[in-house]
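Asker: Just need the structure, nothing else, for what follows:
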Amino acid sequence: MVKSILNLIRWKNLAISALTILLLKYCVFEVAIGRLFSMSHSTLGLLETFLLCISVALIGGAGYIINDLNDIKADLINKPNKVIINKGVSQKLAHSLYLIFNIVGIIIAVYIGDKQGDYQLALIHLFTIAILWIYSTYFKNSLLIGNFLVAIAAAFIPLVYLVFEGIGYINLFKQSILQGPLKVLFNFSIILAGFAFLLTMIREIIKDLQDEKGDYAVGGKTAPIALGTTVTKTIVYLLAIVFAGSCAYLLHTELDFNPFNTWFFYFYAYLLIIIPSVFLVYDLSKARSNDDYQTASNLVKIIMLTGVITTVLYATNV
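Answerer: Numbering: from 1, shown residues only. I've put the predicted structure just below:
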């Protein structure tokens with residue numbers, strides 16, 4: 001039962017979300033404080049940061065649950081061996097977990113927000129819940145709208161820590177969001193949010209290609225069904241090129257300072273982020289089977305992870 005629930009909420013994806021928040025705190029913000037304003041300190045302690053990770057994970061887990069609940073028929077066609085609802089977890093339990101996860105996630109967010117000076121910070125969690133519910137209920141099988149909503153929700157993950165930490169830091173030290181350590185955190189968070197948006201769009205469209213058969217059977221209007229495989233792949237190609245180009249542009253213009261202008265960082269960025277993004281175009285052009293699309297989807301996950309790890313490189317090279 002426990003294993004089925006963990007698989008239902010995609011615990012590995014949630015762990016990456018929590019890791020993103022922890023890395024932003026300990027590898028970006030704390031390091032930037034020591035370098036730029038050592039007389040200050042972060043306003044979210046270890047406990048509050050851990051609770052923030054839990055709240056984000058709970059909201060994300062609830063999103064996966066409602067998505068699976070609303071997609072049982074299609075999943076039985078697309079991935080019959082991986083369906084959990086009605087096999088490892090009953091629909092009643094899944095609905096209960098959805099409500100509990102969201103309620104507890106909001107309560108934790110309100111608590112942390114109140115400690116930071118504004119309990120209304122929890123609205124970002126409520127907004128995420130609304131987006132994920134609207135997506136899974138109305139737009140999951142729509143033409144690109146559903147992909148866009150999921151990408152927005154993914155982009156919120158690095159922004160959550162920025163908002164909660166930023167408000168507390170501003171209230172305590174009276175600094176602007178674009179000054180000192182907060183500017184470093186702001187830039188990192190915005191860049192990671194933008195990349196999360198693009199990569200999630202790419203991965204969601206690839207998943208639509210992979211799930212075309214089941215989505216068609218339930219009357220879906222996803223990109224592959226409405227536009228055809230060739231046009232859909234072309235959209236992914238363009239997004240991948242935009243992503244790779246954005247990375248290269250930032251690397252050689254906006255990030256022209258240590259450690260981003262070092263040969264080691266150039267090597268890392270090109271080898272593990274930019275070149276794999278370009279290779280994704282080739283990989284997807286050859287994709288025909290579900291396994292092929294899964295390989296492409298896994299490559300996007302790897303690029304996401306290597307992007308998040310840039311925070312560690314920042315911490316170890318400033």
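Asker: for the stretch 1-150 of the chain, what spans make up the helices?
Answerer: Applying DSSP state H, counting those that start in this stretch to the stretch 1-150 of the chain gives helices spanning 2-8, 11-23, 30-36, 46-69, 72-78, 91-115, 123-134, 145-173.
Asker: Least reliable of these by average pLDDT, please.
Answerer: Lowest mean pLDDT within the helices of the stretch 1-150 of the chain: helix 72-78, at a mean of 85.
Asker: Give me the contacts around that one.
Answerer: Residues outside helix 72-78 that contact it (CB atoms under 8 Å, 6 or more residues apart in numbering): 68, 82-83, 85-86, 141, 210-211, 213-215, 217-218, 220, 290. The way it works is simple: take the backbone N, C-alpha and C, and place the C-beta from them, glycine included.
Asker: Also stretch 194-201?
Answerer: Contact partners of stretch 194-201, identified using CB under 8 Å, 6+ apart, comprise 147-148, 150-152, 154-155, 157-158, 239, 242-243, 246-247, 300, 303-304, 307.
Asker: let's go with 6 Å and repeat that
Answerer: Applying CB atoms under 6 Å, 6 or more residues apart in numbering, the contact partners of stretch 194-201 are 147, 150-151, 154-155, 239, 243, 300, 304, 307.
Asker: Quick one: mean pLDDT over it.
Answerer: On average, the pLDDT along stretch 194-201 is 96.
Asker: Could you pull out the buried residues of that stretch?
Answerer: Applying a neighbour-count criterion of 16 or more other CB atoms under 10 Å, one finds 195-201 buried in stretch 194-201.
Asker: what's the answer for stretch 223-232, then?
Answerer: Using 16+ other CB under 10 Å as the test for burial, stretch 223-232 gives 223-225, 227, 232.
Asker: now these in JSON lines, with pLDDT?
Answerer: Converted to JSON lines, the buried residues of stretch 223-232 look like this (pLDDT from 0 to 100):
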{"residue": "223", "pLDDT": "95"}
{"residue": "224", "pLDDT": "95"}
{"residue": "225", "pLDDT": "95"}
{"residue": "227", "pLDDT": "95"}
{"residue": "232", "pLDDT": "96"}
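Asker: Dump the residues you listed to CSV, plus secondary structure.
Answerer: Shown next, in CSV, are the buried residues of stretch 223-232 (DSSP: H, G, I helix; E, B strand; the rest coil):
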residue, secondary structure
223, helix
224, helix
225, helix
227, helix
232, helix
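Asker: And residue 151, how far from residue 194?
Answerer: Using CB to CB, to the nearest Å, residue 151 is found at 10 Å from residue 194.
Asker: Check residue 262 too.
Answerer: 23 Å.
Asker: residue ranges with poor pLDDT in the stretch 151-300 of the chain?
Answerer: The stretch 151-300 of the chain contains no residues with pLDDT under 70.
Asker: Spell out the residue ranges of the helices in it.
Answerer: All helices of the stretch 151-300 of the chain, identified by DSSP H, counting those that start in this stretch, fall at 180-210, 212-217, 223-227, 229-249, 263-269, 275-285, 290-308.
Asker: Dump these into TSV; add distance to residue 4 as well.
Answerer: Below are those laid out as TSV (distance: least, CB to CB, whole Å):
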stretch	distance to residue 4
helix 180-210	21
helix 212-217	21
helix 223-227	30
helix 229-249	32
helix 263-269	38
helix 275-285	31
helix 290-308	21
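Asker: ok, and which of those has the densest surroundings?
Answerer: Most buried of these, by mean neighbour count (mean count of other CB atoms under 10 Å): helix 180-210, with a mean of 22.
Asker: Give me the distance between the two termini of stretch 223-235.
Answerer: 9 Å (CA to CA, to the nearest Å).
Asker: List the contacts of residue 223.
Answerer: Residues in contact with residue 223 (CB under 6 Å, 6+ apart) are 143-144, 205, 208, 232.
Asker: switch the cut-off to 8 Å
Answerer: 143-144, 147, 205, 208-209, 231-232, 235.
Asker: how far away is it from residue 12?
Answerer: Per CB to CB, residue 223 is found 26 Å from residue 12.
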